[in-house]
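Asks: test case, fold it:
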Amino acid sequence: MSEYVHAALLLHAVKKEITEDSLKAVVKAAGIDPDEARIKALVASLAEVNVDEVLSSAAAVPAVAAPQVSQPTEAKKPEEKKEEEKKEEEITGLGALFG
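Replies: Numbers count the residues shown, from 1 in each chain. Below you'll find the predicted structure:
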């Protein structure tokens with residue numbers, strides 16, 4: 001069903017009316033055989049929805065962070081600590097963004 005919602009959002013983004021025919025065209029262009037029942041259900045459910053309002057309220061909701069699981073810490077040997085420091089120094093480029 002998500003491909004139909006994405007198609008509707010694409011139509012909305014380019015300021016096109018979200019109709020059964022326009023959704024079918026987008027879904028077909030993506031190489032998917034359109035499901036008439038899903039398209040009709042989506043168009044009917046979006047008929048009374050202000051998509052701009054829904055998108056702006058969804059963007060205003062803060063992301064919920066996953067709870068962190070605390071793990072017991074073990075005393076590390078000094079040798080292991082030095083190896084970790086070397087690994088951190090070696091990370092450059094795009095890899096540094098994820099460290």
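
Asks: list the residues that contact Lys28.
Replies: With contacts defined as Cβ atoms under 8 Å, 6 or more residues apart in numbering, Lys28 is in contact with Pro34. Glycine gets a C-beta too; all of them are placed from N, C-alpha and C.

Asks: in what helix or strand does it lie?
Replies: helix 20-29 (DSSP states H and E).

Asks: again with Lys15
Replies: Here Lys15 is covered by no helix or strand, with elements defined by DSSP H and E.

Asks: can you tell me how far it sits from Met1?
Replies: Using Cβ to Cβ, to the nearest Å, Lys15 is found at 24 Å from Met1.

Asks: which one's more surrounded, the two?
Replies: Met1 (9 against 6; other Cβ atoms under 10 Å).

Asks: for Val5, see how far away the residue nearest to that one when sequence neighbours are not counted is.
Replies: Counting by Cβ to Cβ, 6 or more residues apart in numbering, Met1 lies nearest to Arg38, which is 6.1 Å off, once chain neighbours are set aside. Distance of Arg38 to Val5, computed by Cβ to Cβ: 10 Å.

Asks: hmm, who's touching stretch 40-54?
Replies: Residues from elsewhere that reach stretch 40-54, judged by Cβ under 8 Å, 6+ apart: 1, 4-5, 8-9, 12, 18-20, 23.

Asks: buried ones among those?
Replies: 4, 8, 12, 18, 23 (16 or more other Cβ atoms under 10 Å).

Asks: farthest pair in those residues?
Replies: Greatest spatial distance among those (Cβ to Cβ): Tyr4 and His12, at 12.7 Å.
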